[in-house]
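A.B. asks: dropping a prediction and its sequence here:
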Amino acid sequence: MNKSTAKGVLGALLSLALVACGGGETVAAPEAAPQMSAATEGPIFNVRAALNHAVLDTNTLSFKVEGESNGTAYRGTGTYEQGALHTVSEFNSQGGALRKLIPVRMTLQVNDKPVTVEAKAEEFYTREDLHLLGKMKAAPAQEFTEVISFSALPTSVGVGASGSFYSAVRYSDSTRQAQLGTTRATYSVEPDTVEGSALLVVRVVDARPDSSPRSTTTTTYRITAAGTGRLLSESTVDTTTATTLNLRFM
């Protein structure tokens, strides 16, 4: 792998490791996505409790990763560290928040050569209900996401339920001076092959300033009727960098 190819692949992967997005133009805040269906046939799941259970998880997760960047395939393994929630003094005007640190480290094989990719993010939640307030990507480059519309996940639904989750505005940093675009997230509860459980699928679409899609990240959790949730997989497709990133947690 020549030096320019290595830089291109690393740049794309570092961006995708925490779903980075570009831009710099001022954009309007996104409209809230319409509420969708709420099926109730079969087993009933407390989706809100299951996702909160996953958010509170502090175990370090191992994963396998594969994908492609500008025609160059890669594969490897990595770790996804999950810090405990800690109170921070404030988050915008929300009167305080809980912060979760998430370092990610991947060791990849690109053209049969080892490449190490590291990234780090922070997530912010309300102290009472663990509603997402925002995210900050601290490395390799800063990006700040502020949630402006949040719909609480349901507490009693079956497979087939779906709806809006949150809308957000992305900025180049926490000063919120330069807007990069908007984000819209939805959820769906889908069938699982494991009896007594279901799959919670969260789809996050990042848009450019002109509202055209830039990247889509799909995160899947296995949830149970007891209100537990476990991260299973995450995939990102970035149309700007022609890069895919697929993680399967073990």
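C.D. replies: Done, it's in. Numbers count the residues shown, from 1 in each chain.

A.B. asks: could you say which helix or strand contains Ala50?
C.D. replies: Assigning secondary structure by DSSP states H and E places Ala50 in helix 47-56.

A.B. asks: wait, is Pro154 part of a helix?
C.D. replies: No - assessed with DSSP: H, G, I helix; E, B strand; the rest coil, Pro154 is coil; it does not lie in a helix.

A.B. asks: quick check: it vs Arg203, distance?
C.D. replies: Relative to Arg203, Pro154 is positioned 16 Å away (C-beta to C-beta, to the nearest Å). (Glycine included, C-beta is placed from N, CA and C.)

A.B. asks: and these two? Which one has more around it.
C.D. replies: Set Pro154 next to Arg203 and count neighbours by other C-beta atoms under 10 Å: Pro154 wins out with 19 against 16.

A.B. asks: that one reaches Ala49, doesn't it?
C.D. replies: No - the criterion here is C-beta atoms under 8 Å, and Pro154 misses it with Ala49 at 10.3 Å.

A.B. asks: which helices and strands sit right next to the helix holding Ala50?
C.D. replies: Contact analysis of helix 47-56 by 3 or more C-beta pairs under 8 Å, 6 or more residues apart in numbering; DSSP states H and E lists strand 197-207, strand 213-224, strand 229-238 as its packing neighbours.

A.B. asks: and the last one, which strands flank it?
C.D. replies: For strand 229-238, the paired strands and their directions (DSSP bridges) read strand 213-224 (antiparallel), strand 243-249 (antiparallel).

A.B. asks: burial count for the closest residue to Val202 other than its chain neighbours?
C.D. replies: Distances taken as C-beta to C-beta, 6 or more residues apart in numbering put Thr219 closest to Val202, at 4.7 Å, once the chain neighbours are dropped. Using other C-beta under 10 Å, Thr219 has 19 neighbouring residues.

A.B. asks: report pLDDT for Leu13.
C.D. replies: On the pLDDT scale, Leu13 is placed at 54.

A.B. asks: please, where are all the strands along the chain?
C.D. replies: Counting by DSSP state E, one finds strands in the chain at the ranges 61-69, 72-80, 86-88, 97-110, 113-125, 132-139, 143-150, 162-171, 179-191, 197-207, 213-224, 229-238, 243-249.

A.B. asks: among those strands, which is nearest Ala54?
C.D. replies: Of all the strands of the chain, it is strand 229-238 that lies closest to Ala54, at 3.9 Å by C-beta to C-beta.

A.B. asks: can you give me the buried ones in the closest one?
C.D. replies: With burial defined by 16 or more other C-beta atoms under 10 Å, the residues of strand 229-238 counted as buried are 229-234, 236-238.

A.B. asks: same question, stretch 115-130
C.D. replies: 115, 117, 119-126, 130.

A.B. asks: cool, and stretch 78-89?
C.D. replies: Those would be 78, 80, 82, 85, for stretch 78-89 by 16+ other C-beta under 10 Å.

A.B. asks: hang on, the last one packs against Ala97?
C.D. replies: No - checked against C-beta under 8 Å, the pair Leu85 and Ala97 is beyond contact range at 9.4 Å.

A.B. asks: mutual contacts of these two, please.
C.D. replies: Both Leu85 and Ala97 are in contact with Tyr125, where contact means C-beta atoms under 8 Å, 6 or more residues apart in numbering.

A.B. asks: low-confidence ranges in the protein?
C.D. replies: Applying pLDDT under 70 to the chain flags residues 1-41, 90, 92-95, 139-141.

A.B. asks: was I right to think Met106 contacts Pro114?
C.D. replies: No - contact criterion C-beta under 8 Å: Met106 and Pro114 do not qualify, at 10.7 Å.

A.B. asks: look at these two and report which has more neighbours.
C.D. replies: For Met106 versus Pro114, the count of surrounding residues by other C-beta under 10 Å is larger for Met106: 22 against 9.

A.B. asks: which residues touch the closest residue to that one other than its chain neighbours?
C.D. replies: Once flanking residues are discounted, Met106 sits nearest to Gly78: 3.6 Å by C-beta to C-beta, 6+ apart. Taking C-beta under 8 Å, 6+ apart, we find Gly78 in contact with 62-63, 65, 104-107, 117, 247.
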